[in-house]
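K.L.:
predicted model, plus sequence, below.
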Amino acid sequence: MILSLVVAASTNNAIGLNNQLLWRLPNDMKFFKNTTWAMPVIMGRKTFESMGSKPLQGRLNIIITRQLGWKAEGTTVVHSLGEAAKAASELDYKEAFVIGGGEIYNVAMFVAEKIYITRVDAVMDGDTFFPEIDTEEWIMISETSFLPDEKHLYAYHFQVWEKVKHKDIWSLFR
Ligand SMILES: NC(=O)c1ccc[n+]([C@@H]2O[C@H](COP(=O)([O-])OP(=O)(O)OC[C@H]3O[C@@H](n4cnc5c(N)ncnc54)[C@H](OP(=O)(O)O)[C@@H]3O)[C@@H](O)[C@H]2O)c1
């Protein structure tokens, strides 16, 4: 199973303020729903609460918290990202999606193999940020761009990044 990150971030990597999103982009919501539908979504307890403490329908909702005994109806509660990945892979999913927020992305960035990022063309004030994508480690494999329109205040780009697999140089000598 691979672990992927799904995020919408401004050009300065802001993703949230006061436990809320920074924009309303209906096409991004559709993209998010289509990408994650019927799959496991892994999120931090604060992101879950930012969505009104209701699980996303049609998906296996896995919530990460350090609080022992914390529960929420219709969700699987775990206490680490490793435990979250194990819960999804035991159910034979081929991909699981880490959907935020900032604290969880920071940990997941090291083990994820793919990033679906909606890059929003704006510099925003935020209190939560996505980690910088290290271009030594990640390569962008696709990008689809959209201009602002009556429903979207900002231009935005759907980008997919994959972690570069470091070549096994010893294989050249074998
Ligand atoms: N733009 C986007 O795509 C996007 C996506 C998602 C969220 N967001 C935004 O991001 C913000 C929320 O992000 P956040 O960073 O404040 O919170 P978060 O990552 O959603 O959740 C943080 C919580 O997760 C738990 N946690 C974190 N690391 C852990 C670990 N190593 N082991 C066990 N539990 C751990 C802790 O829960 P306990 O305190 O219960 O122990 C912690 O308080 C909101 O503004 C939201 O709107 C934006």
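P.N.:
Cool, got the structure. Residues are numbered from 1 along each chain as shown.

K.L.:
average pLDDT across stretch 46-66?
P.N.:
Mean per-residue pLDDT for stretch 46-66: 98.

K.L.:
what's the first-to-last distance across it?
P.N.:
12 Å (C-alpha to C-alpha, to the nearest Å).

K.L.:
stretch 119-135 now?
P.N.:
15 Å.

K.L.:
what comes up buried for it?
P.N.:
Neighbour counts over stretch 119-135 (16 or more other C-beta atoms under 10 Å) mark 119-120, 122, 124, 126, 128-131, 133 as buried. Placement of C-beta: from N, CA and C, glycine included.

K.L.:
ok, and of these, which contact the ligand?
P.N.:
On the criterion C-beta under 6 Å from any ligand atom, residue 128 are the entries of the buried residues of stretch 119-135 that sit beside the ligand.

K.L.:
any idea which of the buried residues of stretch 119-135 is the one closest to the ligand?
P.N.:
residue 128 (4.1 Å; C-beta to the nearest ligand atom).

K.L.:
and this structure, which of its residues are near the ligand?
P.N.:
Residues of the chain lying near the ligand (C-beta under 6 Å from any ligand atom): 7-8, 15-16, 19-21, 43-47, 50, 64-67, 79-80, 99-104, 107, 128.
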